[in-house]
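# I would like to see how this sequence folds:
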Amino acid sequence: MLDSALMQLMWLASPALPIGGFSYSECLESAVDAGFVATESEASAWLVDQLHLSLTRSDLPVVAQALTAWRADDLLRLAELNAWVLQTRESSELRAQSAQMGRSLLEWLKNHTTATPAHIAALAAQEPSYPVAFALAASGTGAPVRQCLLAYAFGWAENMVQAAIKAVPLGQSAGQRILSALTAAIPAAVDQALTLTDDSRQAYSPMLAILSSRHEVQYSRLFRS
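Below is the predicted model of the structure:
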């Protein structure tokens with residue numbers, strides 16, 4: 001992989017990317033409120049499970065398939081993938097998160113050279129989901145699909161660890177240990193995601209859906225999901 005491609009992926013994975021990822025906990029805050037996550041070990045186990053049961057089976061295969069579609073200029077396929085993401089978010093908060101981050105990343109792309117104006121316009125014509133928008137941003141880097149998925153997963157992991165530090169709460173050292181556990185699990189998760197097809201891809205995490213619904217009416221909240 002070229003140095004320029006690697007640096008672009010590092011940029012896309014950075015929590016400093018102005019797309020609002022830091023403002024979401026993806027139900028972790030609700031899990032803390034319900035007493036399911038109260039310690040470092042519980043937070044680590046929760047996030048590793050979420051990686052395998054949610055991200056690996058849903059977002060990561062969509063990113064992989066959308067990358068291929070962007071590079072082939074297959075706009076019909078991209079519309080199908082984008083619609084699938086939005087339709088399978090199991091609460092208004094989770095759908096709003098994907099749509100908001102997708103729109104923000106699309107706005108960011110307008111000021112960069114990693115996507116063509118035609119592709120930006122094609123995604124802007126629908127409600128852009130974050131996985132499909134990320135695939136568009138990554139498609140222009142020239143990086144292999146697997147490396148793009150590693151970047152996506154690591155960016156998610158960093159945001160979730162920061163959410164855990166604030167919500168549980170935990171110290172920075174604990175956060176780094178959780179990030180280490182997630183980093184160790186990500187390569188296998190990516191390899192599994194690359195094997196999934198339309199028939200085996202799924203978005204079924206009932207506990208996350210329940211916690212997300214509870215979060216919408218939670219009395220005290222730091223995060224938007």
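
# ok, the closest residue to Ala164 other than its chain neighbours - how many residues close by?
Spatial nearest neighbour of Ala164, excluding adjacent residues (CB to CB, 6 or more residues apart in numbering): Ala43 at 4.5 Å. To be clear about C-beta, it is placed using only N, CA and C from the backbone, and glycine gets the same treatment. Neighbourhood size, Ala43 [other CB atoms under 10 Å]: 29.

# against Glu29, how distant is Ala43?
As judged by CB to CB, to the nearest Å, Ala43 and Glu29 stand 11 Å apart.

# got it, and Leu9?
Separation of Leu9 from Glu29 (CB to CB) stands at 28 Å.

# so who does the most centrally placed residue in the chain touch?
The chain has Trp156 as the residue nearest its centroid, 5.1 Å off, counting by CA atoms, centre = their mean. Residues near Trp156 by CB atoms under 8 Å, 6 or more residues apart in numbering: 21, 51, 55, 59.

# helix or strand next in line after the helix or strand harbouring it, which one?
Using DSSP states H and E, Trp156 maps to helix 145-167. With elements assigned by DSSP H and E, the helix or strand that comes after helix 145-167 is helix 172-193.

# how about that following helix: buried residues?
Neighbour-count burial for helix 172-193, counted by 16 or more other CB atoms under 10 Å, picks out 174-175, 177-179, 181-182, 185-186, 189-190, 193.

# what comes into contact with that helix?
For helix 172-193, the external contacting residues (CB under 8 Å, 6+ apart) are 40, 43-44, 47-48, 51-52, 55-57, 60-61, 64, 146, 149-150, 153-154, 157-158, 160-162, 164-165, 170.

# could you flag which of those are buried?
Among the contacts of helix 172-193, those buried by neighbour count (16+ other CB under 10 Å) are 40, 43-44, 47-48, 51, 55-57, 60-61, 64, 149-150, 153-154, 157-158, 160-162, 164-165, 170.

# what pLDDT does the model give Asp73?
pLDDT for Asp73: 96.

# pull the contacting residues for it.
His119.

# in PDB, list the C-alpha atoms belonging to the host helix or strand of the residue nearest to Ala164.
Using DSSP H and E, Ala43 maps to helix 40-50. Taking Å, rounded to 0.1, in the frame of the first residue of the first chain, the C-alpha atoms of helix 40-50 are listed here in PDB:
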ATOM      1  CA  GLU A  40     -13.300  -2.100  32.800                       C
ATOM      2  CA  SER A  41     -13.700  -5.800  32.200                       C
ATOM      3  CA  GLU A  42     -17.400  -5.500  31.500                       C
ATOM      4  CA  ALA A  43     -16.900  -2.600  29.100                       C
ATOM      5  CA  SER A  44     -14.100  -4.500  27.300                       C
ATOM      6  CA  ALA A  45     -16.300  -7.600  27.000                       C
ATOM      7  CA  TRP A  46     -19.300  -5.500  25.900                       C
ATOM      8  CA  LEU A  47     -17.400  -3.800  23.100                       C
ATOM      9  CA  VAL A  48     -15.700  -6.900  21.800                       C
ATOM     10  CA  ASP A  49     -19.100  -8.600  21.700                       C
ATOM     11  CA  GLN A  50     -20.500  -5.600  19.800                       C
END
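
# by contact count, what packs against whatever helix or strand comes next after that helix?
Reading on from helix 40-50 to the C-terminus, the next helix or strand found by DSSP H and E is helix 59-72. The contact analysis (3 or more CB pairs under 8 Å, 6 or more residues apart in numbering; DSSP states H and E) places helix 59-72 against helix 75-87, helix 130-139, helix 145-167, helix 172-193.
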